[in-house]
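Student: how would this look folded up:
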Amino acid sequence: MGRRPGGRWPTPGITGTIGAMSHPKAMNLRFPDPAQRAAIESAARQEGVSLQEYILSAAYARATAVEKHFLDAFRDSMARSGDAFAEASGPDATGAQRRAAELDARHDLERQRDDAA
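Tutor: Numbering: from 1, shown residues only. Modelled structure (predicted):
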């Protein structure tokens, strides 16, 4: 997408950072369950923030928690993999033992990735 004639970007009304809302009611929130909306509105009021801010904060907190869980699992897997490779690469280790250790490490990593998702 290029700029419009006159140097303006295609979306009028957006200033500052890309994606900034031009007014506070720009977020369209739809809740199929009225009880769910009421519960979220109540929680937002208790926190003293707008509904949009409450939802975005909750989404950010969830995303960072998932990211932290994934990174922790990845570090644990890397440590186990390193240990498995160190044990398998000893002077008496055969190619088959090394491949078995690599497969075990790969399966551990895949299990951790699936758990994080």
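
Student: hey, which helix is longest across this protein?
Tutor: helix 51-88 (DSSP state H).

Student: Give me the buried positions along it.
Tutor: 51-52, 54-55, 73, 77, 81, 84, 88 (16 or more other CB atoms under 10 Å). Just so you know, the C-beta spots here come from the backbone N, C-alpha and C atoms, and that holds for glycine as well.

Student: just stretch 99-109 next, same as before
Tutor: Buried-residue list, stretch 99-109, by 16+ other CB under 10 Å: 101, 105, 108-109.

Student: and which of the residues you listed is nearest residue 66?
Tutor: Nearest to residue 66 among the buried residues of stretch 99-109: residue 109, at 16.9 Å, using CB to CB.

Student: per-residue confidence at that closest one?
Tutor: At residue 109, the predicted lDDT confidence score is 83.

Student: Apart from its neighbours in sequence, what residue is nearest it?
Tutor: In this structure, residue 109 finds its nearest non-sequential neighbour in residue 77, 4.5 Å apart by CB to CB, 6 or more residues apart in numbering.

Student: about what we covered before: just the closest of the buried residues of stretch 99-109 to residue 64, please.
Tutor: residue 109 (21.7 Å).

Student: Helix, strand, or coil at the closest one?
Tutor: Under DSSP: H, G, I helix; E, B strand; the rest coil, residue 109 falls in the helix class.

Student: Verify the stated contact: it with residue 81.
Tutor: Yes - using CB atoms under 8 Å, residue 109 is in contact with residue 81, at 7.1 Å.

Student: just to revisit the earlier point, what would the buried residues of helix 51-88 look like in a markdown table with pLDDT?
Tutor: A markdown table is the format used below for these (pLDDT from 0 to 100):
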| residue | pLDDT |
| --- | --- |
| 51 | 89 |
| 52 | 89 |
| 54 | 92 |
| 55 | 91 |
| 73 | 89 |
| 77 | 86 |
| 81 | 81 |
| 84 | 70 |
| 88 | 60 |
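
Student: Can you tell me which helix or strand of the protein has the lowest average pLDDT?
Tutor: Least confident helix or strand of the chain, by mean pLDDT, DSSP states H and E, is helix 95-116 with a mean of 80.
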